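S.K.: what's the 3D shape of this:
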Amino acid sequence: MESHRRTANDVSAANRTLAGLADPVSHLNGHRPAAMDAEGFHAATQRILSSVNTVIDGKSDAAKLALTVLLAQGHLLLEDVPGVGKTLLAKTLARTIDCTVNRIQFTPDLLPSDVTGVSIYNQSSRLFEFRPGAVFANIVIGDEINRASAKTQSALLECMEEHQVTVDGTSYRLDEPFMVVATQNPIEMEGTYPLPEAQRDRFMARISMGYPDKDAEIEMLETHQATSPLTKVSAVVTSAEVAAMITTVQQVYVSKAVKEYTVSLGRATRESPLLRLGASPRSLLQLLRAAKATAALDARDFVLPDDVVHVAEAVLAHRIILDRKAAGSGETPHSVLRGILSHLPVTSETAGTGTRNAAPAGRTAAPVTGLSRNK
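M.R.: Residues are numbered from 1 along each chain as shown. As a prediction, this is how the structure comes out:
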């Protein structure tokens, strides 16, 4: 297990966690941070993306989607062939934020207690003391997560969903913001344990990095020879600033029509004859959160159907399971989703109710702090 900068095992960090501080705003005496103004939000996101893009050549879309997941309070699964920069993207994103970061190298002999922590008997005090595991950090990088056994993988379920760890009947809250960025190689099946549906459903989005284009690959050969590009990356935002950015995203408005569109998309996946398993209710919640983050990154305080469509494949493709006949005929989760989206009607009401003027009766249409209604 590898730590970067201020580690999660620092005494102060451990004391805050073990004290049971729960809210995404535990560092601010339990008060939710104020939303960031538009200029500050835009400047912070640009600093993060610029830092990531200086290291990951030709993958600006993947970098933006990773930031989207962070601001939507989700977890990210990076899946692709070896050597395309999955772990590098995770490390770079983590280094741009001044927060606690731990890296776990998943192996077949890794134990659940290595991840969550363990109670150790102290002979001097004659009491059991809890020693936090590697998951006690703001950002946890899980490298090659599918190389760990199913028992160890399951140790992350409670952490990812409830942001807490329960050991020996006692629950310990994790510091916020909290994000798991996991990587896995899809082609190396020997010695791996495929993630079950319940585990995959905990990840808000899955990114397939892909190979860089020719120019980006040449640029990589010219700039990454002497030293690692990570050595030049430093923190550009604080964890408090990230908490304020998350609050800004939470205040993005979603009209009833856009919510109905999102539900219609989920129900269409469950009713599709090409799919054996459709989108879960949890996936629709995370889809809408990702859409809100997308809108915020585009300097809007309301969600459009295009925002839902933009993140639909990344959020839903790894959760749905193809019917055997569909898989045999060459269909993929992405192609099925594209087909459903192309046939899902976007009414004039849905397309035109992004602004707060469409707020239902009785709702106060106060503007969200900082973000503009115009793209």
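S.K.: Let's test this: mean pLDDT of stretch 174-187, rounded?
M.R.: Taken as a whole, stretch 174-187 has a mean pLDDT of 87.
S.K.: mind checking how far it is from the chain centre?
M.R.: 7 Å (CA atoms, centre = their mean, to the nearest Å).
S.K.: Can you show me the strands along the protein?
M.R.: 2-4, 76-79, 97-98, 101-105, 117-122, 127-132, 139-143, 164-167, 170-173, 179-184, 205-207, 237-238, 275-277, 321-322 (DSSP state E).
S.K.: Now render those as a markdown table, adding mean neighbour count.
M.R.: For every residue, glycine as well, the C-beta is placed using N, CA and C. What follows is the strands of the chain, written out as a markdown table (neighbours: other CB atoms under 10 Å):
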| stretch | mean neighbour count |
| --- | --- |
| strand 2-4 | 15 |
| strand 76-79 | 24 |
| strand 97-98 | 20 |
| strand 101-105 | 22 |
| strand 117-122 | 14 |
| strand 127-132 | 14 |
| strand 139-143 | 26 |
| strand 164-167 | 17 |
| strand 170-173 | 16 |
| strand 179-184 | 26 |
| strand 205-207 | 24 |
| strand 237-238 | 16 |
| strand 275-277 | 16 |
| strand 321-322 | 17 |
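S.K.: who's in contact with the nearest residue to residue 326 once chain neighbours are set aside?
M.R.: In space, and not counting its chain neighbours, residue 326 is closest to residue 274: 4.0 Å by CB to CB, 6 or more residues apart in numbering. Contact analysis of residue 274 by CB atoms under 8 Å, 6 or more residues apart in numbering lists 322-323, 326, 331, 336, 339.
S.K.: Just the buried ones out of the residues you listed, please.
M.R.: Among these, the ones that count as buried by 16 or more other CB atoms under 10 Å are 322-323, 326, 331, 336.
S.K.: Quick check: the gap between the residue nearest to residue 326 and residue 337.
M.R.: Per CB to CB, to the nearest Å, residue 274 is found 10 Å from residue 337.
S.K.: repeat for residue 305
M.R.: In terms of CB to CB, residue 305 sits 15 Å off from residue 337.
S.K.: for residue 246, same thing?
M.R.: 27 Å.
S.K.: what does residue 224 give?
M.R.: According to CB to CB, residue 224 stands 35 Å off from residue 337.
S.K.: ok, those two, which is more surrounded?
M.R.: residue 337 (23 against 13; other CB atoms under 10 Å).
S.K.: Pull the number of nearby residues for the nearest residue to the more buried one once chain neighbours are set aside.
M.R.: Spatial nearest neighbour of residue 337, chain neighbours left out: residue 313 (5.4 Å); criterion: CB to CB, 6+ apart. Using other CB under 10 Å, residue 313 has 17 other residues around it.
S.K.: Also residue 218?
M.R.: Neighbours of residue 218 (other CB under 10 Å): 12.
S.K.: how about it, what does it touch?
M.R.: With CB under 8 Å, 6+ apart, residue 218 has no contacts at all.
S.K.: number of nearby residues for residue 58?
M.R.: A count of neighbours around residue 58, defined by other CB under 10 Å, yields 18.
S.K.: ok, it touching residue 211?
M.R.: No: Residue 58 is beyond contact range of residue 211, at 9.1 Å (criterion: CB atoms under 8 Å).
S.K.: on that earlier part again, quick one: which two of the contacts of residue 274 are the most distant?
M.R.: Pairwise distances across these peak at 13.5 Å for 323 and 339 (criterion: CB to CB).
S.K.: Find the nearest non-adjacent residue to residue 216, please.
M.R.: Spatial nearest neighbour of residue 216, chain neighbours left out: residue 58 (2.8 Å); criterion: CB to CB, 6+ apart.
S.K.: distance between the ends of stretch 116-135?
M.R.: 6 Å (CA to CA, to the nearest Å).
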